[in-house]
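A.B. asks: with the input below, show me the fold.
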Amino acid sequence: MNIEFNRNEDWMKMAVSQTRQHLEKIFLGGGKKAIEKQREKNKLTPRERVEYLCDKDAPFTEIGAFAGFEMYEAEGGCPAGGTVAGVGYVSGRQCVIVANDQTVKAGAWFPITGKKNLRMQEIAMENRLPVIYLVDSAGVYLPMQDEIFPDKEHFGRIFRNNAVMSGMGITQIAAVMGPCVAGGAYLPIMSDETLMVEGNGSIYLAGPYLVKAAIGENIDNETLGGAVTHTEISGIADYKFKTEQECLDQVKKIISKLGHKPEAGFDRIKPVAPKKNPEEVYGIIPEGNLKPYDVLEIIERIVDNSEFDQFKEDYGKSIICGYARIDGWAVGIVANQRLVSKTKKGEVQIGGVIYNDSADKAARFIMNCNQKKIPLVFLQDVTGFMVGSRSEHSGIIKDGAKLVNAVANSVVPKITIITGNSYGAGNYAMCGKAYDPRFIYAWPSAKIAVMGGEQAAKTLMQIQVAGMKAKGKEVTPEEEKALFDTIKGRYDKQTSPYYAAARLWVDAIIDPIKTREVISEGIKAANNNPDVPDFKTGVFQV
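C.D. replies: Next up, the predicted model:
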């Protein structure tokens, strides 16, 4: 390997290391003292519960670990959005798991908590996966109730989804290991089966203090809504257990007996490891993502046997399309090419930019994959569509709309990996969050924004300077530079993968070496849903 490869590798591994350092802190939840308080109550932490529940030596794909990252600092923070969630295996069955984190504000629901829980229910509904709720929550975080309580995508939508999923035949199991208060009390009761841990689990619409204030009744927690009350008197719960481990063992037994249903039938054969060393994926993207590189080098380190059959190889070279297998699954790959290329007319095409011919090719390829029932994988490193008179006169808007139409109407599962830039309408055309990818992940090198930090800062600075000059204020070059640096710093922070993951624009920030695994697990999840509708594109200009 050359010096440039080594420099790129060092940069990417440093970025991966930074991600791990952030995660180590996030994994502590509310901190060591809060964890010790759990221990004193004979309670496991949410991560310990998930680990105990899931099959050993099977992958657990965590979703939303960065949810709320640096978002609620005035409130003391909300690590992982106050929940641990993901897709894992229980008794050999792929399941969605959502566990409240009682160490974070007593498991209270922040706005991002609601968004994360709704995302997990969306994953369950799209992929027909059973859901296991590990409940331990004080309910809505009252100081922010206006941002979590009444709207369509707020707290109440969770229970609406419980009902809808039940109607869809999706199994839902709730293990109540701590408080389950007020509106939150509906979640376990709207699940198929409810399990409770004696002494810690409780379900009630109003706790002892509120009951005393409302009707003057004196009553303790256990008598009001504990495991004995709900299994022997109200009949609300189905099982009670002395320990959390016994409770989780019963969840495993329930899941082990689920009947098997038809699958979508996406093609899979025996997996073959890539011929090219997957570890080399670290050294391909240039430091800072500032130079061209060949995206084929990434593809060949992800796909089986490093084999990739290109579609229209010599046409529309700023997007590469083709067929491959990932962990045995047949896939269609759509990837931005960062190499500078020339057309047959001798025109130079800048890497990472979508041109007319590339948009046309990608749209056709996406339609082919839908026709053949082949899942799609998007590798995003895009700066947007080409601008200027030549592109406009050639109908770049029309061709871009054709690509967006194909992506929007695609019925096969779409899995998006943002490896580098994800700017402007390129984010949409390459299946950004707004275009319903089944799963969407980012490498630590990802940047998501309307445009790059340099261009955005220059544009915003020019607007502000013009406004200052219009008011008669003289602006020195030094003041302009200081203003530019301030704007760029703020904008760059907003383009980072951490900013995106905090707001769930992406499901997770992944180590690049995990790309093959998360794609395979995503397709396996999608294969559980047999309902693949007919592909229709609607009306678009040709």
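A.B. asks: please count neighbours and contacts with C-alpha atoms only from this point.
C.D. replies: OK.
A.B. asks: send me the longest helix along the chain as PDB with only the CA atoms.
C.D. replies: Longest helix in the chain, counting residues (DSSP state H): helix 3-26. This file holds the C-alpha atoms of helix 3-26, laid out as PDB (Å, rounded to 0.1, in the frame of the first residue of the first chain):
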ATOM      1  CA  ILE A   3       1.600   6.500   1.600                       C
ATOM      2  CA  GLU A   4      -1.700   8.000   0.600                       C
ATOM      3  CA  PHE A   5      -3.600   4.800   1.400                       C
ATOM      4  CA  ASN A   6      -1.900   4.700   4.900                       C
ATOM      5  CA  ARG A   7      -2.800   8.400   5.500                       C
ATOM      6  CA  ASN A   8      -6.500   7.700   4.500                       C
ATOM      7  CA  GLU A   9      -6.500   4.600   6.700                       C
ATOM      8  CA  ASP A  10      -5.200   6.500   9.700                       C
ATOM      9  CA  TRP A  11      -7.800   9.200   9.200                       C
ATOM     10  CA  MET A  12     -10.700   6.700   8.900                       C
ATOM     11  CA  LYS A  13      -9.600   4.600  11.900                       C
ATOM     12  CA  MET A  14      -9.300   7.800  14.000                       C
ATOM     13  CA  ALA A  15     -12.800   8.700  13.000                       C
ATOM     14  CA  VAL A  16     -14.000   5.100  14.000                       C
ATOM     15  CA  SER A  17     -12.100   5.400  17.300                       C
ATOM     16  CA  GLN A  18     -13.800   8.700  18.000                       C
ATOM     17  CA  THR A  19     -17.200   7.100  17.400                       C
ATOM     18  CA  ARG A  20     -16.400   4.300  19.800                       C
ATOM     19  CA  GLN A  21     -15.300   6.700  22.500                       C
ATOM     20  CA  HIS A  22     -18.600   8.500  22.200                       C
ATOM     21  CA  LEU A  23     -20.500   5.200  22.400                       C
ATOM     22  CA  GLU A  24     -18.600   4.100  25.500                       C
ATOM     23  CA  LYS A  25     -19.900   7.200  27.300                       C
ATOM     24  CA  ILE A  26     -23.400   6.700  25.800                       C
END
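A.B. asks: what residues sit buried inside it?
C.D. replies: Across helix 3-26, burial judged by 16 or more other C-alpha atoms under 10 Å covers Phe5, Asn6, Arg7, Asn8, Glu9, Trp11, Met12, Lys13, Ala15, Val16, Thr19, Ile26.
A.B. asks: what distance separates that helix from the centre of its chain?
C.D. replies: Relative to its chain's centre, helix 3-26 lies at 20 Å (C-alpha atoms, centre = their mean, to the nearest Å).
A.B. asks: same deal with stretch 41-48?
C.D. replies: Distance, stretch centre to chain centre, for stretch 41-48: 25 Å (C-alpha atoms, centre = their mean).
A.B. asks: the strands in the stretch 201-350 of the chain, which residues?
C.D. replies: For the stretch 201-350 of the chain, the strands defined by DSSP state E, counting those that start in this stretch cover 202-204, 239-241, 309-311, 319-326, 329-336, 341-342, 348-349.
A.B. asks: and the third one, what other elements does it pack with?
C.D. replies: Using 3 or more C-alpha pairs under 8 Å, 6 or more residues apart in numbering; DSSP states H and E as the contact test, the elements touching strand 309-311 are strand 319-326.
A.B. asks: elements contacting the strand it packs on?
C.D. replies: In terms of contacts (3+ C-alpha pairs under 8 Å, 6+ apart), strand 319-326 is packed against strand 309-311, strand 329-336, helix 356-372, helix 515-526.
A.B. asks: relative to strand 329-336, how tilted is it?
C.D. replies: Angle of strand 319-326 versus strand 329-336, following axes from the mean of the first three to the mean of the last three C-alpha atoms, to 10 degrees, is 160 degrees.
A.B. asks: now strand 319-326: mean pLDDT?
C.D. replies: Across strand 319-326, pLDDT averages out at 98.
A.B. asks: cool, and stretch 97-107?
C.D. replies: pLDDT averaged over stretch 97-107 gives 95.
A.B. asks: C-alpha coordinates for it, PDB please?
C.D. replies: Taking C-alpha atoms only, stretch 97-107 is exported to PDB below (Å, rounded to 0.1, in the frame of the first residue of the first chain):
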ATOM      1  CA  ILE A  97     -36.200  -4.900  20.900                       C
ATOM      2  CA  VAL A  98     -37.000  -1.700  22.700                       C
ATOM      3  CA  ALA A  99     -35.700  -1.200  26.300                       C
ATOM      4  CA  ASN A 100     -36.300   1.900  28.500                       C
ATOM      5  CA  ASP A 101     -33.300   3.100  30.300                       C
ATOM      6  CA  GLN A 102     -34.300   3.900  33.900                       C
ATOM      7  CA  THR A 103     -30.900   5.400  34.600                       C
ATOM      8  CA  VAL A 104     -31.700   8.300  32.300                       C
ATOM      9  CA  LYS A 105     -34.200  10.600  34.000                       C
ATOM     10  CA  ALA A 106     -36.100   7.500  35.400                       C
ATOM     11  CA  GLY A 107     -36.700   6.400  31.800                       C
END
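A.B. asks: buried set for that stretch?
C.D. replies: By neighbour count with 16+ other C-alpha under 10 Å, stretch 97-107 contains the buried residues Ile97, Val98, Ala99, Asn100, Asp101, Gln102, Thr103, Val104, Lys105, Ala106, Gly107.
A.B. asks: show me the beta-bridge partners of the third one.
C.D. replies: Okay, so that is Ala99. Beta-bridge partners of Ala99, counted by DSSP bridges, are Val84, Leu134.
A.B. asks: you'd agree it is up against Met120?
C.D. replies: No: at 11.0 Å, Ala99 and Met120 do not qualify as touching, with contact defined as C-alpha atoms under 8 Å.
A.B. asks: return the set of buried residues in the helix or strand where Met468 lies.
C.D. replies: Using DSSP states H and E, Met468 sits in helix 453-470. Of the residues in helix 453-470, Gly453, Ala456, Ala457, Lys458, Met461, Val465 count as buried by neighbour count, 16+ other C-alpha under 10 Å.
A.B. asks: got any residues that touch both of Ala99 and Met120?
C.D. replies: Common contacts of Ala99 and Met120 (C-alpha atoms under 8 Å, 6 or more residues apart in numbering): Ala85.
A.B. asks: endpoints of stretch 462-482, how far apart?
C.D. replies: End-to-end distance of stretch 462-482 (C-alpha to C-alpha, to the nearest Å): 13 Å.
A.B. asks: quick one on the thing from earlier: give me the contacts around the longest helix of the chain.
C.D. replies: Residues from elsewhere that reach helix 3-26 (C-alpha under 8 Å, 6+ apart): 65-66, 79-80, 282-287, 444-445, 509, 511.
A.B. asks: same check on stretch 121-132?
C.D. replies: So stretch 121-132 is contacted by 94-98, 158, 161, 165, 170-175, 438, 525-529 (C-alpha under 8 Å, 6+ apart).
A.B. asks: just these: which are in helices?
C.D. replies: Using DSSP H, the contacts of stretch 121-132 in helices are Ile158, Asn161, Met165, Ala525, Ala526.
A.B. asks: so which of those wins on neighbours?
C.D. replies: Using other C-alpha atoms under 10 Å as the neighbour test, the ones in helices among the contacts of stretch 121-132 are led by Ala526, with 27 neighbours.
A.B. asks: and Ser389, how far from Ile397?
C.D. replies: To Ile397, Ser389 is 12 Å away according to C-alpha to C-alpha.
A.B. asks: quick one: residues contacting His152.
C.D. replies: I think there's a mix-up here, since residue 152 is Lys and not His. Per C-alpha under 8 Å, 6+ apart, neighbours of Lys152: none.
A.B. asks: now it: which helix or strand?
C.D. replies: Following DSSP H and E, there is no helix or strand that holds Lys152.
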